[in-house]
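A.B. asks: task: produce atomic coordinates for the following.
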Amino acid sequence: MKILIVVPKFNNEMRAQYNFPVGLANIKGSLKEKGYEVMALNLNHVSEELSVLRQFILEHGIEIVMTGGLTSHYHILKDIFAVVKLLNENIITIGGGGGFTSEPILFSEMTGVDYACLGEGEITICELMEVVINRKDITKVKGIVYKNKDGEYVKSQDRSVVEDLNNLPFPDYDGFDMDKYLEEQTPYDYYFTYIHDEPRMFPIFMGRSCPYQCNFCFHPLGNTYRQRSLDDFFLELNDVLEKYQVNSLAIFDELFSLEEKRIFEFCNRIKPYGLKWTVQMRVNIINEKLLKSMKEAGCFNISYGLESINVKVLKNMRKKITKEEIERALELTYQCGIGIQGNFIFGDEKEDMNTFSETLNWWRSHRKYQINLAFIETYPGTQLYKNAVKKGLIKDRKKFIEANCPVINLTQEPDFVFKKMQTIVELAEYHGDETLGEVINICRNTDNPMFVEANFKCYHCHESNTIQRILVKRIYSNHFKICCRHCNQKSVYDTRAYLNVRDSEYKYKMYFLLLRQWKISERMEQVNFAEYFKKHNIINVGVYYEQEIGSIFYESIRNDIKISFLIDSDVDSRYQPVEENVPINKTRKDKN
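C.D. replies: From the prediction side, this is the model:
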């Protein structure tokens, strides 16, 4: 039977960067090794993706369609399976990934699949294919969801984790458009920054799962941590380098730093390749000798699991790290010239205004590390999710997933205080950033109007950086961060002010959030807006109508300041700067 594995479109924005789901390539490699006829389709590089999917199925006579993803990918997964069944109800549909593994029966019902693979899928999918194709007893397959004779979904017995990862076939990327995936990477996206103008960063796994069981985290691949051998890792790396032009690696292993001796061995072996690489590490093992070895071997960025500074919150999260370990790891990494990626996530069950303020104040006094701020997202499968369901904070699991698992108040504070926390965090990153670098020049690329070239002066080392291939739409970001090519640290650049558009969308975001803050504190009528604008040298404001608050604000300021635009919250359209109307100083052809 002809099998198709589909990579869902993770972002409707064309040329949006995304993390390639290596798990689907693992499934393809396992099926291919068993002799099945398997094709692949990546929907991230096409428009009208569902039409492309229909055409592909018809042209190739596909009989089985597989795809998968996280809970947050529910809507696109549902659409894919619906398109398949509308095309031909006899096509077998199979789902997998974190969404199905975290809520096996519910997620299967919501997506309408024929079968679901739970947890690690390499062995399970091959057994499932054997049973389905040869019409054997489906109840004997471990680690799946299937329909019984009454059409009800049933979960089979759990499957044990794969003990030896070296026994698994390498991922098979043929047909997944990996060349396009690599070609369309740019030096900047909303979350990560990259070391090259043309980053061709390839994802590769070193280990699976994590033994620490943080309360906000779910491990679809089981709770037993395992690493593959370095020999196996480098065999796959050699295979990748033969097929694709790669200059950097995204190494996925939540406990890369588990054994110091192994890290030194890895550094010695990876160094001759001349590749740049980024990795995940825990703060409690970091030392200067280790970091220097990693830097010399090509490591340019480390992603740390930080989450909070407060000891009470860290304990409830089960992080098993301390404030002192966080501070030591970040400063050593910074001094060694390795970039830092990390998050503080607010909203734990033990969070209150005191713990919130402690972490936020620490963040404010350590802006040089460029730690991201966010709120806990309560994903199915996590301990926080189970607790929220038990407490009635999530009353309807299906509706919660359909709403893309929105942020909910898990804290010890009432909702109006929690909303105040959210507003403060939203405002924090846009106010008084001490790591503001200098925008020297921005020029449009005449060969490709989607890109600009920019010259920046780093806040940290004061060196000049010329960065090419920045997407125009990214340069208009309110909070543009990019990595220095000399010290690897991120600086914030006020590119909108440089392009003379700061008084439009930027002001809209700032003052809409201020409105929310005033509304929450219920002291809006006490604010003298005219004095506030004068004090802060504000000459231009956008007004966003949120119920009656927009009208009150508008009437309060209409005689004191120029109002650029009005936006009604009930209207779908939002103000966006028109790029063609914003002059960029000059143009320069791409030398490449």
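
A.B. asks: looking at this, Leu306 is in a strand?
C.D. replies: Yes: assigned with DSSP: H, G, I helix; E, B strand; the rest coil, Leu306 falls within a strand.

A.B. asks: relative to Arg54, how far out is Arg159?
C.D. replies: Separation of Arg159 from Arg54 (Cβ to Cβ, to the nearest Å): 33 Å. Heads up, the C-betas are built off the backbone N, CA and C, glycines and all.

A.B. asks: an error on my part: the question was meant for Ile64.
C.D. replies: For Ile64, the distance to Arg54 - Cβ to Cβ - is 16 Å.

A.B. asks: please apply the same query to Ala16.
C.D. replies: Counting by Cβ to Cβ, the gap from Ala16 to Arg54 is 23 Å.

A.B. asks: three-state assignment of Ile340?
C.D. replies: strand.

A.B. asks: pull the contacting residues for it.
C.D. replies: 301-302, 304, 330, 333-334, 369-371, 489-490 (Cβ atoms under 8 Å, 6 or more residues apart in numbering).

A.B. asks: about what we covered before: look at Arg159 and Arg54 and report which has more neighbours.
C.D. replies: Arg159 (19 against 15; other Cβ atoms under 10 Å).

A.B. asks: for the more buried one, phi and psi?
C.D. replies: When read as degrees, to the nearest 10, the backbone of Arg159 gives phi -100, psi 140.

A.B. asks: what sits against it?
C.D. replies: 118-120, 123-124, 142-143.

A.B. asks: who touches stretch 185-202?
C.D. replies: Residues outside stretch 185-202 that contact it (Cβ under 8 Å, 6+ apart): 15-17, 182-183, 240, 244-250, 276, 278, 300-301, 339, 341, 372, 451, 467-471, 474, 477, 480-483, 485, 488, 490.

A.B. asks: which of the residues you listed fall in helices?
C.D. replies: Those of the contacts of stretch 185-202 mapping onto helices are 182-183, 240, 474, per DSSP state H.

A.B. asks: of the residues you listed, buried ones?
C.D. replies: 182, 240, 474 (16 or more other Cβ atoms under 10 Å).

A.B. asks: out of those residues, who's nearest Glu324?
C.D. replies: Arg474 (36.6 Å; Cβ to Cβ).

A.B. asks: Gly274: neighbour count?
C.D. replies: 9.

A.B. asks: look up phi and psi at it.
C.D. replies: Dihedral angles (degrees, to the nearest 10) for Gly274: phi 70, psi 20.

A.B. asks: that one - nearest residue in space that isn't next to it in sequence?
C.D. replies: Gly298 (7.1 Å; Cβ to Cβ, 6 or more residues apart in numbering).

A.B. asks: doesn't Lys457 make contact with Tyr493?
C.D. replies: No: distance between Tyr493 and Lys457: 9.1 Å, which falls outside the contact criterion (Cβ atoms under 8 Å).

A.B. asks: how about the buried ones among the ones in helices among the contacts of stretch 185-202 in a markdown table, adding distance to Lys32 and pLDDT?
C.D. replies: A markdown table is the format used below for these (distance: Cβ to Cβ, whole Å; pLDDT from 0 to 100):
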| residue | distance to Lys32 | pLDDT |
| --- | --- | --- |
| Leu182 | 22 | 95 |
| Val240 | 16 | 98 |
| Arg474 | 37 | 82 |
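
A.B. asks: quick one on the thing from earlier: list the contacts for the residue nearest to Gly274?
C.D. replies: Per Cβ under 8 Å, 6+ apart, neighbours of Gly298: 270-271, 273-277.

A.B. asks: with Ile286 instead?
C.D. replies: 257, 325, 328-329, 332-333.

A.B. asks: farthest-separated two in these?
C.D. replies: Top of the distance list for the contacts of Ile286 (Cβ to Cβ): Ser257 and Arg328, 13.7 Å.

A.B. asks: okay, those two: which has more neighbours?
C.D. replies: Taking neighbours as other Cβ under 10 Å, Ser257 and Arg328 compare with Ser257 leading, 22 against 16.

A.B. asks: OK, contacts around that one?
C.D. replies: Counted by Cβ under 8 Å, 6+ apart, Ser257 has contacts 263, 281-282, 285-286, 290.

A.B. asks: ditto for Ala454
C.D. replies: Ala454 touches 439, 441-443, 466-467, 470, 475, 493, 495, counting by Cβ under 8 Å, 6+ apart.

A.B. asks: how about it, nearest residue that isn't a chain neighbour?
C.D. replies: Ala454's closest residue in space is Ile442 (Cβ to Cβ, 6+ apart), at 4.7 Å.

A.B. asks: ok so that neighbour is a helix residue?
C.D. replies: No: going by three-state DSSP, the assignment for Ile442 is strand, not a helix.

A.B. asks: run a quick neighbour tally on Gln17.
C.D. replies: Neighbour tally, Gln17, other Cβ under 10 Å: 21.

A.B. asks: any idea how far Pro272 is from Val154?
C.D. replies: Counting by Cβ to Cβ, the gap from Pro272 to Val154 is 52 Å.

A.B. asks: of these two, who's got more company?
C.D. replies: More crowded of Pro272 and Val154, by other Cβ under 10 Å: Val154, with 15 against 9.

A.B. asks: and stretch 30-48, how far out from the chain's middle?
C.D. replies: On the basis of Cα atoms, centre = their mean, to the nearest Å, stretch 30-48 sits 23 Å off its chain's mean C-alpha point.

A.B. asks: okay, that stretch in CSV with CA atoms only?
C.D. replies: What follows is stretch 30-48, C-alpha atoms only, in CSV (Å, rounded to 0.1, in the frame of the first residue of the first chain):
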residue,chain,number,x,y,z
SER,A,30,11.6,2.9,10.0
LEU,A,31,9.0,2.1,7.4
LYS,A,32,11.4,2.4,4.6
GLU,A,33,13.8,-0.1,6.3
LYS,A,34,10.9,-2.6,6.5
GLY,A,35,10.3,-2.3,2.8
TYR,A,36,7.1,-0.2,2.7
GLU,A,37,6.5,2.3,-0.2
VAL,A,38,6.6,5.6,1.6
MET,A,39,6.3,9.2,0.2
ALA,A,40,6.6,12.5,1.9
LEU,A,41,5.0,15.9,1.5
ASN,A,42,6.0,19.1,3.4
LEU,A,43,3.2,21.7,3.4
ASN,A,44,5.3,24.5,4.9
HIS,A,45,6.7,25.7,1.5
VAL,A,46,3.5,25.9,-0.5
SER,A,47,0.4,28.1,-0.6
GLU,A,48,-3.0,26.5,-0.8
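
A.B. asks: output the below-cut-off pLDDT ranges for this structure.
C.D. replies: For the chain, the stretches with pLDDT under 70 are 14-15, 189-193, 427, 429-434, 478, 500-529, 532-533, 535-592.

A.B. asks: how is it carved up into domains?
C.D. replies: 2-155, 185-428, 438-499, 502-568 (automatic domain parsing).

A.B. asks: tell me which of those domains sits nearest to Tyr173.
C.D. replies: Short answer: domain 2-155, nearest of these by Cβ to Cβ, at 5.1 Å.

A.B. asks: dump the contacts of Ile286 into TSV; add secondary structure and distance to Lys350 as well.
C.D. replies: Shown next, in TSV, are the contacts of Ile286 (DSSP: H, G, I helix; E, B strand; the rest coil; distance: Cβ to Cβ, whole Å):
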residue	secondary structure	distance to Lys350
Ser257	coil	26
Glu325	helix	19
Arg328	helix	24
Ala329	helix	23
Leu332	helix	28
Thr333	helix	27
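
A.B. asks: tell me which of those is nearest to Glu358?
C.D. replies: Taking the contacts of Ile286 together and measuring to Glu358 by Cβ to Cβ, the closest member is Glu325, at 16.2 Å.

A.B. asks: count of neighbours near that closest one?
C.D. replies: Counted with other Cβ under 10 Å, Glu325 comes out at 17.

A.B. asks: what do you get for the one 4 residues further on?
C.D. replies: Using other Cβ under 10 Å, Ala329 has 25 other residues around it.
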